[in-house]
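**Q** have a look; sequence and predicted model below, questions after that.
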Amino acid sequence: MITAVVSGSFHRHMDAITKAVYELATLSVRVLSPADPRVVAMQGEFLFVASDRVRSVRLVQDRHLDSIHAANFLWLVCPDGYVGQSASMEIGYAAGAGVPIFATRPPADLTLREYVGIVPTLAEAVRVAMTRPQPLRSEGVLINPHASIEEVHQVLERIEIALTNQDGTGDPALLVHREMTGIQHRLRLPTCIQ
């Protein structure tokens, strides 16, 4: 299934963002973020939507970035060319992660325009995304905590077997190192938390 993330100014373009989320659903695209764009709370200028599981600006933004990393494409809503600071950061993140970015209108900012593919419709963006080779991207702990925890649990069971030498094969240190790297990748955790 094709996945997408929708970005744009929640303050200026929330109606268009909501419309895009629902249109993507009718096109059989799974929207990773915002999955449910109904505004339910506010902290300063930051708007929380119904699919935000926590009321932490940093965790919500981290989840959105994690969703971008896992998505097949980013849909940018900027009907008047305006792209706010958060959406600008999200464009940069998507570009750095190699995630294609599409919109029906170009951003007003000349630099951002260089990273956004202009298509006539959202359906065309989906068609283009479906024709591209799909890189293997897994959902991180912030997007799907239950699946991530289950995968990590399976890895830990393999590490336990290696450490207790229950299977009697190979170098346990190599296996443990490889599996720990796998855990970091699945959870997309940094090797050092600051």
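**A** All right, it came through fine.
**Q** distance of the closest residue to residue 106 other than its chain neighbours from residue 107?
**A** Distance criterion Cβ to Cβ, 6 or more residues apart in numbering; nearest residue to residue 106, sequence neighbours excluded, is residue 113 at 4.8 Å. Quick note: C-beta positions are derived from backbone N, CA and C, even for glycine. In this view, residue 113 and residue 107 are 6 Å apart by Cβ to Cβ, to the nearest Å.
**Q** looking at those two, which has the bigger crowd around it?
**A** Neighbour count, other Cβ atoms under 10 Å: between residue 113 and residue 107, residue 107 has more, with 22 against 14.
**Q** secondary structure class for that one?
**A** Using DSSP: H, G, I helix; E, B strand; the rest coil, the structure places residue 107 in coil.
**Q** element containing the residue most central in space within the chain?
**A** Central residue of the chain (Cα atoms, centre = their mean): residue 67, 1.2 Å from the mean position. According to DSSP states H and E, residue 67 maps onto helix 57-70.
**Q** show me what that helix is packed against.
**A** strand 3-8, strand 30-33, strand 46-49, helix 85-97 (3 or more Cβ pairs under 8 Å, 6 or more residues apart in numbering; DSSP states H and E).
**Q** tell me which of the ones you listed sits nearest to residue 40.
**A** Within those, the stretch nearest residue 40 is strand 46-49; the backing value is 5.8 Å (Cβ to Cβ).
**Q** tabulate the CA atom coordinates of whichever strand or helix holds residue 174 in CSV.
**A** Per DSSP H and E, residue 174 falls inside helix 172-187. Taking Å, rounded to 0.1, in the frame of the first residue of the first chain, the C-alpha atoms of helix 172-187 are listed here in CSV:
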residue,chain,number,x,y,z
PRO,A,172,27.5,-14.9,19.6
ALA,A,173,29.3,-11.5,19.6
LEU,A,174,28.7,-11.0,15.9
LEU,A,175,25.1,-12.0,16.2
VAL,A,176,24.4,-9.8,19.2
HIS,A,177,26.1,-6.8,17.4
ARG,A,178,24.1,-7.4,14.2
GLU,A,179,20.8,-7.7,16.1
MET,A,180,21.5,-4.6,18.2
THR,A,181,22.1,-2.6,15.0
GLY,A,182,18.8,-4.0,13.8
ILE,A,183,17.0,-2.8,16.9
GLN,A,184,18.5,0.7,16.4
HIS,A,185,17.3,0.7,12.8
ARG,A,186,13.8,-0.5,13.6
LEU,A,187,13.3,2.1,16.3
